[in-house]
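Engineer: below are the sequence and a predicted model; questions follow.
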Amino acid sequence: MEGIERIKALSADIKDKPLLKIIDYLLSREDMNEKYLEETKNLKNMIEFIKGEARKQAVNHVAMIEDDEVYNWAIHYWDEPNSKLGLSAEKPKKIEEQKIVKPQEKEEPIKESAEESKVEEVTQVEKKEEVKPVQKKNWESEGQLTLFDFEDVLI
């Protein structure tokens with residue numbers, strides 16, 4: 001499999017438009033074909049690397065990054081070994097082995113024993129009893145308000 005084919009296979013189910021723009025850029029870089037074959041690299045880790053680089057530039061938790069810089073980070077991710085990037089060097093599962101769980105395909109929960117489910121039911125019933133609706137009182141102000149006037153609102 002060529003590197004570009006690997007990127008296409010990894011991105012087959014992606015619907016996120018900004019990520020698709022990055023992938024299109026990666027696919028346009030035929031000079032990186034061999035780098036895309038690196039088994040320790042994947043799109044999930046590339047995204048995390050890009051997010052990390054953006055966080056470094058954020059001011060007050062806000063970062064505005066030009067597209068070209070994001071594309072450069074993506075290429076940098078594929079071009080450098082994980083050790084230089086500060087990432088783990090473990091190999092991800094092969095594409096065929098990766099299980100992608102879609103929202104429609106949720107795994108069934110493990111069945112609990114009858115005793116555990118009874119305890120959970122009792123706990124849920126107790127929780128329902130604890131929550132009582134708060135009745136709001138209509139009040140009219142008669143001059144200057146005090147903290148005691150807000151007692152009904154604060155509780």
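Structural biologist: Perfect, I can see it now. Numbering: from 1, shown residues only.
Engineer: domains in this structure, as residue ranges please.
Structural biologist: 3-85, 114-154 (automatic domain parsing).
Engineer: state the mean pLDDT of the first one.
Structural biologist: Within the predicted structure, the mean pLDDT of domain 3-85 is 92.
Engineer: and the shortest one, by the same measure?
Structural biologist: For domain 114-154, mean pLDDT rounds to 57.
Engineer: and the contacts of stretch 57-76?
Structural biologist: With contact meaning CB atoms under 8 Å, 6 or more residues apart in numbering, stretch 57-76 is reached by 21-22, 25-26, 29, 32, 46, 49-50, 53-55, 85. (Glycine included, C-beta is placed from N, CA and C.)
Engineer: buried set for it?
Structural biologist: For stretch 57-76, the neighbour count (16 or more other CB atoms under 10 Å) marks 70-71, 73-75 as buried.
Engineer: picking up where we left off before, just send the contacts of stretch 57-76 back as CSV, with secondary structure, neighbour count and distance to residue 79 too.
Structural biologist: CSV is the format used below for the contacts of stretch 57-76 (DSSP: H, G, I helix; E, B strand; the rest coil; neighbours: other CB atoms under 10 Å; distance: CB to CB, whole Å):
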residue, secondary structure, neighbour count, distance to residue 79
21, helix, 13, 19
22, helix, 22, 15
25, helix, 16, 14
26, helix, 24, 11
29, coil, 18, 10
32, helix, 18, 7
46, helix, 23, 11
49, helix, 21, 12
50, helix, 21, 14
53, helix, 19, 14
54, helix, 16, 18
55, helix, 10, 21
85, helix, 17, 10
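Engineer: name the nearest of those relative to residue 12.
Structural biologist: residue 26 (14.0 Å; CB to CB).
Engineer: how close does that closest one get to residue 62?
Structural biologist: As defined by CB to CB, to the nearest Å, residue 26 lies at a distance of 26 Å from residue 62.
Engineer: in what helix or strand does the residue nearest to residue 11 when sequence neighbours are not counted lie?
Structural biologist: Computed as CB to CB, 6 or more residues apart in numbering, the closest residue to residue 11 that is not its neighbour in sequence is residue 23, at 4.7 Å. Under the criterion DSSP states H and E, the helix or strand holding residue 23 is helix 17-28.
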